[in-house]
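Peer 1: fold the following.
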Amino acid sequence: MTAARAALPIVVLALVWGFNWPVLKMGVTEMAPLTFRALTLPFAALGMLAYARAARDPMRVPREFGPKLCALALFNITLWNGFVLFGVQQLPAGRSAILAYTMPIWATAIAAVVVHEPISRRKLIGLALGATGMAVLLGEQIVVVRAAPFGALMILIAAVSWAYGTVLLRKWQPTMPQNALSGWMMLIGWIPLALAAPLFDAQSLGGELARLSLRGWFSLFYNVFLAGTIANLAWFMLARSLPVAISSLSSLPIPVVGVISGMLLLGERPGLQEWIALALVVSALAIVMLAPRQTTTEIPTPHDA
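Peer 2: Residues are numbered from 1 along each chain as shown. Next comes the predicted model:
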């Protein structure tokens, strides 16, 4: 995938997943975290599988790939969603996004060990700028993290899990079409969350739904159709087609959008910190994505998704 072809899914991710942080905060404020995700994830997965069927993509999972598919679902879907939901329940939405998107740092380090992906000077500069941008955004809010260490720890575990899943996806290069692969990953990853939800939620599903406000329903539908289906498809397309460092860095604009949208939707106002961080993050993305021509040629994959 070239930088030009990657531009659209990067924009989709930044906007949809960025805005989802305050939207997610609305949802888990009114509904238990695992119940919220157990309710939204299967519909998003089925929607993606229906799209794959309509596109006449092969739906069968090769028998030898079954265990790997379960591992990808565990790290990319189950652990990420489970830990991040408990974290965002305790931390401000924008700051949760900043901690979650330390993922590129973890992914680049893991990829250097697991798939022996070289860390070039360009990648190091991009990572340094991205990390600086997140540090600027965090700023004085480190006090918030200290006040809720469990929430911060949950989100950091989620970030490491997602990073490892991204590296595995790049290492194994699945031969399945992307739509079907994403749908099956989400559906399989949903099962442990659905089984665990009743253990953490004292209320019945009917009781949870009965007391939802309009904002709660909006959060549910947003996470099914936009954050759950469209954005996941864009992310796995990038993660599968680009080197780990570049695909993970493509997520850097998301926390910036998350912080700014949290301010807009939850009553805060952008300040100098947010604009400095935005400049740093955009610079990091440009340095890594706008590489010389010979480094941005299309990367061959076993199956063009």
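
Peer 1: and Ser161, how many neighbours does it have?
Peer 2: 23 (other Cβ atoms under 10 Å). The way it works is simple: take the backbone N, C-alpha and C, and place the C-beta from them, glycine included.

Peer 1: how distant is the helix or strand harbouring it from the center of its chain?
Peer 2: Taking DSSP states H and E as the definition, one finds Ser161 inside helix 149-172. With Cα atoms, centre = their mean, to the nearest Å as the basis, helix 149-172 stands 10 Å off its chain's centre.

Peer 1: now that helix - C-alpha only, CSV.
Peer 2: Provided in CSV are the C-alpha atoms of helix 149-172 (Å, rounded to 0.1, in the frame of the first residue of the first chain):
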residue,chain,number,x,y,z
PRO,A,149,-3.7,4.3,38.7
PHE,A,150,-5.9,1.3,38.0
GLY,A,151,-7.6,3.0,35.1
ALA,A,152,-4.2,4.1,33.6
LEU,A,153,-2.8,0.6,34.0
MET,A,154,-5.8,-1.0,32.3
ILE,A,155,-5.4,1.2,29.2
LEU,A,156,-1.6,0.6,29.0
ILE,A,157,-2.2,-3.1,29.1
ALA,A,158,-4.7,-2.7,26.3
ALA,A,159,-2.2,-0.7,24.3
VAL,A,160,0.5,-3.4,24.6
SER,A,161,-2.0,-6.1,23.7
TRP,A,162,-3.1,-4.2,20.6
ALA,A,163,0.5,-3.6,19.6
TYR,A,164,1.4,-7.3,19.9
GLY,A,165,-1.7,-8.2,17.8
THR,A,166,-0.7,-5.8,15.1
VAL,A,167,2.7,-7.3,14.9
LEU,A,168,1.2,-10.8,14.6
LEU,A,169,-1.1,-9.7,11.9
ARG,A,170,1.8,-8.4,9.9
LYS,A,171,4.0,-11.5,10.6
TRP,A,172,1.4,-14.1,9.6
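
Peer 1: show me what contacts Leu85?
Peer 2: Leu24, Val28, Pro33, Leu34, Phe36, Arg37 (Cβ atoms under 8 Å, 6 or more residues apart in numbering).

Peer 1: returning to what we had before: helices or strands up against the helix holding Ser161?
Peer 2: In terms of contacts (3 or more Cβ pairs under 8 Å, 6 or more residues apart in numbering; DSSP states H and E), helix 149-172 is packed against helix 66-73, helix 80-90, helix 93-100, helix 103-114, helix 231-241, helix 244-249.

Peer 1: local confidence estimate at Glu268?
Peer 2: The per-residue pLDDT reported for Glu268 equals 63.

Peer 1: one step back: and the contacts of the helix holding Ser161?
Peer 2: So helix 149-172 is contacted by 65, 68, 71-72, 74-76, 79-84, 86-91, 96, 99-104, 106-107, 110-111, 114-115, 145, 236, 239-240, 243-244, 247-248 (Cβ under 8 Å, 6+ apart).

Peer 1: need the next SSE after that helix, C-terminal direction.
Peer 2: helix 178-200.

Peer 1: so what's the closest residue to Pro104 other than its chain neighbours scoring on pLDDT?
Peer 2: Nearest residue to Pro104, sequence neighbours excluded (Cβ to Cβ, 6 or more residues apart in numbering): Ser248, at 3.9 Å. Among the per-residue scores, Ser248 shows a pLDDT of 74.

Peer 1: one step back: buried subset of the contacts of Leu85, written for PyMOL?
Peer 2: Only the buried entries of these go into this PyMOL selection, using 16 or more other Cβ atoms under 10 Å:
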select buried, resi 24+28+33+34+36+37
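
Peer 1: okay if I get the contacts of Leu85 as a markdown table plus secondary structure, distance to Leu220 and pLDDT?
Peer 2: Formatted as a markdown table, these follow (DSSP: H, G, I helix; E, B strand; the rest coil; distance: Cβ to Cβ, whole Å; pLDDT from 0 to 100):
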| residue | secondary structure | distance to Leu220 | pLDDT |
| --- | --- | --- | --- |
| Leu24 | helix | 11 | 93 |
| Val28 | helix | 11 | 91 |
| Pro33 | helix | 13 | 91 |
| Leu34 | helix | 14 | 91 |
| Phe36 | helix | 7 | 93 |
| Arg37 | helix | 10 | 93 |
